[in-house]
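S.K.: quick check, what structure comes out for this input:
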Amino acid sequence: KKEKKEKKEKTEDTDSTAVPPSTSTATTPTLTSVIPKNAPCPKNRDGVSRLFLGNLPFTVDESTLKSHLPGTVTHIKWITDKETGRFYGSAFVEMLNSVDAASCVGVSGSEIMGRKIKVNYAPAREGDVWPPKT
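M.R.: Residues are numbered from 1 along each chain as shown. Below you'll find the model as predicted:
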């Protein structure tokens, strides 16, 4: 038994992908979760975490959109016609932080359900209440 235990410990020491038993991947914070929300980053010097998405398919839903965008989406505001309530094909998206927002801008031009989407930074304007109350 002692030889097996020593052999197992030796293999764990040489395996660079092994997670030490004292740490859990569920509690270890990711890089983007420890970055302050509106901190500037190399591709997003203003630290904007809100994005405008245009040319979205009219049948897109929240789960499809979230799965297409890299990073963590914290809020989606669908743009609709005030009179009819019909979806315009645009949305504002709030990302967890500016790094996630910068990575999302990189997917501008990619296709969702056959349509090339547009993704741009949407800095807050004076008087904006974000996220909007539903």
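S.K.: how about residue 93, secondary structure?
M.R.: State at residue 93, reduced to three classes by DSSP: H, G, I helix; E, B strand; the rest coil: strand.
S.K.: contacts only, for it.
M.R.: Residue 93 makes contact with 50-53, 65, 69, 73, 75-77, 104, according to Cβ atoms under 8 Å, 6 or more residues apart in numbering. C-beta here means a position set from N, CA and C on the backbone, and glycine is covered the same way.
S.K.: among those residues, which ones are buried?
M.R.: Applying a neighbour-count criterion of 16 or more other Cβ atoms under 10 Å, the buried members of the contacts of residue 93 are 50-51, 53, 65, 69, 73, 76-77, 104.
S.K.: rewinding a little: show me the contacts of residue 93 that map onto helices.
M.R.: Here DSSP state H is the test, and the contacts of residue 93 give 65, 104 as lying in helices.
S.K.: which one of the contacts of residue 93 sits closest to residue 118?
M.R.: Comparing the contacts of residue 93 against residue 118 with Cβ to Cβ picks out residue 53 as the nearest, at 6.9 Å.
S.K.: need the contact list for the closest one.
M.R.: So residue 53 contacts 65, 90-93, 117-119 (Cβ under 8 Å, 6+ apart).
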